[in-house]
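Student: coordinates for the following, if possible.
(one chain, ligands or ions: 1)
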Amino acid sequence: MSASPIADRWIVLKFGGTSVSRRHRWNTIGELAKKRADETGGRVLVVVSALSGVTNELTAIADGAADSRARVAALVARHNEFLAELELGEEVLAHRLAALQALLDDPRAASRPLDWQADVLGQGELLSSSVGAAYLRSNGLDFGWMDAREWLHALPPAPNQTAWSQRLSVNCKWQGEADFKQRFSAQPTRMLISQGFIARHEDGGTAILGRGGSDTSAAYFGALLGASRVEIWTDVPGMFSANPKDVPDARLLTRLDYYEAQEIATTGAKVLHPRSIKPCRDAGVPMAILDTERPHMPGTSIDGSAEPVPGVKAISRRNGIVLVSMEGIGMWQQVGFLSDVFNLFKKHGLSVDLIGSAETNVTVSLDPSENLVNTDVLAALSADLSEICKVKVIVPCAAITLVGRGMRSLLYKLSDVWATFGKERVHMISQSSNDLNLTFVIDEADADGLLPILHSELIDSGAMPVYEEQVFGPRWREIIGSIRPRQTPWWQAPGKRQKLLELAAVGTPAYIYDLDKVRERARQLKAIGAIDRRYYAIKANSHPEILRTLAAEGFGLECVSQGEVEMVFASVPGMPAERVLFTPSFAPISEYQAVLARGVTVTVDNVELLQRWPEVFRGRALWLRIDLGHGDGHHKKVNTGGKDSKFGLSALRVDEFIAAARALDIRITGVHAHLGSGIENSGHWKQMVDEMAGFARRIGSVEILDIGGGLPVPYSDDDEPFDLDAWAAGLAEIKAVHPAFQLAIEPGRFMVAESGVLLTHATQVVEKDGVRRVGLDAGMNALLRPALYDAWHDIANLSRLDDARDVDFSVVGPICESSDVFAQRVKLPATTMPEDVMLIADAGAYGFSMASTYNQRALPREDFIDA
Ligand code: LLP
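Tutor: Predicted coordinates:
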């Protein structure tokens, strides 16, 4: 009876160390292999790494560690324990473990030649694959076991290869083996398991593929078999736009082309070995990176068939970079200088990563992951180089690399990135000739904390097109479930929505405020025990109903102009003057006089004021606004701290201020600081309290520390609600350190942003050169934030709230300015049409209060809902 022919369509699945170290993971491996075989009707090759940690142990043994026998004994015990966990008998591995032990008694063990080291290193995969085959078979799966060395053959040594890499970091043949697939497919079982990392050396011994070699083994097998796919199963969900450990907001990259993936793997991502991509790319075999713990996730697909998407896909950091700067006297146009220099690098076995050159200087970088760059090698290199030029070695450096298609055409979007690097000392900038990478080399210490900032700048500037859904998947924090979700907006509730549609019919554009939301925010802040006084910064929104609502909640009101002070007294009957603050900036002196006359607490922020108008301030109790020397905020235009800011008394002039105040019999009862608006970092205020308390003690008479506003709100799905609990805990902690002072806050945005919506009607819906635009009857005159700060506001079609939001629109206004754009790429129903009621969300703060009549367009209406 002849066996029915088994198909020869192959899929290769590779599992790394953590994926093969636990029983439940082997269950997953078995399930996945079977599923793939069933789905494709083809055959599956599983390639495995050693159990996690085993290769490190074997490396120590191969390196001749003194306690090698103990290490081998521990490895034997570990594998036997694992067999027990899998309910397999010790006989499964008996001969393999004996072979491992025998290597210590091998005559070669004394001198540890490279072929012996390769034999030692290769044991981990032989063991793990043998365990796996036995376990999978015991689960009734039809698995065959194969020695990878029978199939993967190391290439003959290349001319410049060291003896070490000829044995322990080999490349394998993967082309021109026409009958490989046929021979391989002749194996009797449908599913096979084999080892990563090992291959056959020309001399018949074992060769090693180098660190991360299992990925490469899978890729070789995939290429040799013309597999339909090579899947790399690992313990992360794929490649990310940055290392999630540094940047929790990094996005999963769901689809890349081979070249981008290669560049990302080479410049940082550890998830896929860079060598593994080329064989698949040349053989046209698609690759995927998938997560064994989260097999449902899409992972990263790498192939050549997708239309390339321009833009930065990832940012990475490599540490330990060595820069060698070579200054050549009269080097310009000197024949052979570069060749002389590079010959010396070759002589010391160093491969150069980046190169920068100037008229008299060549600087190169060495990447430690590609090179053995210890101090001896560098000293020897320097000695040789100093014969032909002046050498300077700069260490330790970090290389920060932006990877993506078309870097050159993206440069204009990178102004914030350049500005951020501008604050550091950049030793070298290098742009790769394949236009896929832009690298900045800076001091390692300067790189700390930089990646999250750069990552968000890349997104904000549009250089990293995270809206391209076929490329950018969820954020890491979403994947691990550590995101605090945004509340469902109040205006989506059917009753509120109906009410808004009625209000829109009265006339648009119209700002509508939900007073319940204002109260909710007020009560959240009232519940925070560490805060003694709460003021509302009315510049955010001075609608009388909002002022009355917050005053009724016990908030004082903070004003920046005499006009705002008048507005407060006119809107809130009986508002006590002591609950009103006046915190002006460069206001006319007449405003100070008028406001002081009303008994309002005035904050001053410079000495010149006291010097020029001593009589206005003599004998008063005042607050002092100090510039703490640093600022923050959602945009540089709202950063109000530091040398470049016009706000606050310089810390260097505090003593001068104290003396001037004393001379005028002025009592400084409060210290004030506000360093910016929309600050995401909840530790910011805690730090402020600490710094301000120092000044307050110096001044002596201070009772209150006012730490300003600045609390952020989540404007987009990508933003999280502010972590009030962390904020409150930080304040309580620092207040306990400085119990002498009361704490005051004066938020604006946080109180009102989410309470307000801007209702408009669509005017026209137009398609132009592939871009769909919907025009509104409100423009940048009604809501300036997008034009001024590139601020994001969600936009919805309130008339068609239940329709699928399936088409990208650019949403624009009727103002004669190119910046009159509310947002690009807003998903709206395809059916959106003129007269629809369109809603711009979270517009309660700095909306109406910044509106103008530009182009002779009337100010928006204002109304409120108080259900
Ligand atoms: N206190 C002082 C002294 C301020 O200057 C400000 C805001 C606040 C408190 C309230 O800050 P908030 O909690 O709202 O962040 N138009 C910009 C915001 C400018 C903020 C000006 N000062 C925007 O729409 O983002």
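Student: contacts, neighbours, all on C-alpha from now
Tutor: Fine.
Student: what pLDDT does Gly210 get?
Tutor: Among the per-residue scores, Gly210 holds a pLDDT of 84.
Student: and the gap between it and Val170?
Tutor: In this structure, Gly210 and Val170 are separated by 7 Å, where distance is defined by C-alpha to C-alpha, to the nearest Å.
Student: could you pull out the strands for the stretch 201-350 of the chain?
Tutor: Taking DSSP state E, counting those that start in this stretch as the test, the strands found in the stretch 201-350 of the chain are 206-208, 229-234, 251-253, 255-256, 287-291, 300-302, 311-327.
Student: between the ones you listed, which gets nearest to Leu547?
Tutor: Proximity to Leu547 (C-alpha to C-alpha) singles out strand 251-253 among the strands of the stretch 201-350 of the chain, at 41.1 Å.
Student: list the contacts of that closest one.
Tutor: 237-242, 299-300, 313, 466, 471-476 (C-alpha atoms under 8 Å, 6 or more residues apart in numbering).
Student: now stretch 725-733
Tutor: Contacts made with stretch 725-733 from outside it, assessed by C-alpha under 8 Å, 6+ apart, are listed as Ile528, Gly529, Ala530, Ile531, Ser682, Gly683, Trp685, Lys686, Val689.
Student: show me which of those residues neighbour the ligand.
Tutor: Among those, proximity to the ligand is found for none (C-alpha under 6 Å from any ligand atom).
Student: which one of those is nearest to the ligand?
Tutor: Proximity to the ligand was ranked across the contacts of stretch 725-733 by C-alpha to the nearest ligand atom; first place goes to Trp685, at 12.0 Å.
Student: CA atoms only: put the helix or strand containing that closest one into PDB for me.
Tutor: Using DSSP states H and E, the element containing Trp685 is helix 683-699. Coordinates of the C-alpha atoms in helix 683-699 are reproduced here as PDB (Å, rounded to 0.1, in the frame of the first residue of the first chain):
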ATOM      1  CA  GLY A 683       5.200  64.700  39.300                       C
ATOM      2  CA  HIS A 684       5.600  68.200  37.900                       C
ATOM      3  CA  TRP A 685       3.600  69.900  40.700                       C
ATOM      4  CA  LYS A 686       5.200  67.900  43.400                       C
ATOM      5  CA  GLN A 687       8.600  69.100  42.300                       C
ATOM      6  CA  MET A 688       7.200  72.700  42.100                       C
ATOM      7  CA  VAL A 689       6.100  72.500  45.700                       C
ATOM      8  CA  ASP A 690       9.500  71.400  46.800                       C
ATOM      9  CA  GLU A 691      11.300  74.200  44.900                       C
ATOM     10  CA  MET A 692       8.800  76.900  46.000                       C
ATOM     11  CA  ALA A 693       8.900  75.900  49.600                       C
ATOM     12  CA  GLY A 694      12.600  76.800  49.500                       C
ATOM     13  CA  PHE A 695      11.900  80.300  48.300                       C
ATOM     14  CA  ALA A 696       9.000  80.700  50.700                       C
ATOM     15  CA  ARG A 697      11.300  79.900  53.700                       C
ATOM     16  CA  ARG A 698      13.800  82.500  52.500                       C
ATOM     17  CA  ILE A 699      11.100  85.100  52.300                       C
END
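Student: what is that helix packed up against?
Tutor: Packing partners of helix 683-699 (3 or more C-alpha pairs under 8 Å, 6 or more residues apart in numbering; DSSP states H and E): strand 667-672, strand 704-706, helix 724-737.
Student: the ligand: which of the ones you listed is closest?
Tutor: Each of the helices and strands packed on helix 683-699 was scored for nearness to the ligand using C-alpha to the nearest ligand atom, and the closest is strand 667-672 (8.2 Å).
Student: name the residue of the stretch 451-600 of the chain that lies nearest to the ligand.
Tutor: Ala537 (5.1 Å).
Student: ok, that residue touching Glu564?
Tutor: No: in terms of C-alpha atoms under 8 Å, Ala537 does not count as a neighbour of Glu564; the distance is 9.9 Å.
Student: who has more neighbours out of these two?
Tutor: Neighbours per residue, other C-alpha atoms under 10 Å: of Ala537 and Glu564, the larger number sits with Ala537, 28 against 18.
Student: mind checking how far that one is from Gly847?
Tutor: 14 Å.
Student: what about Ile531, neighbour count?
Tutor: 18.
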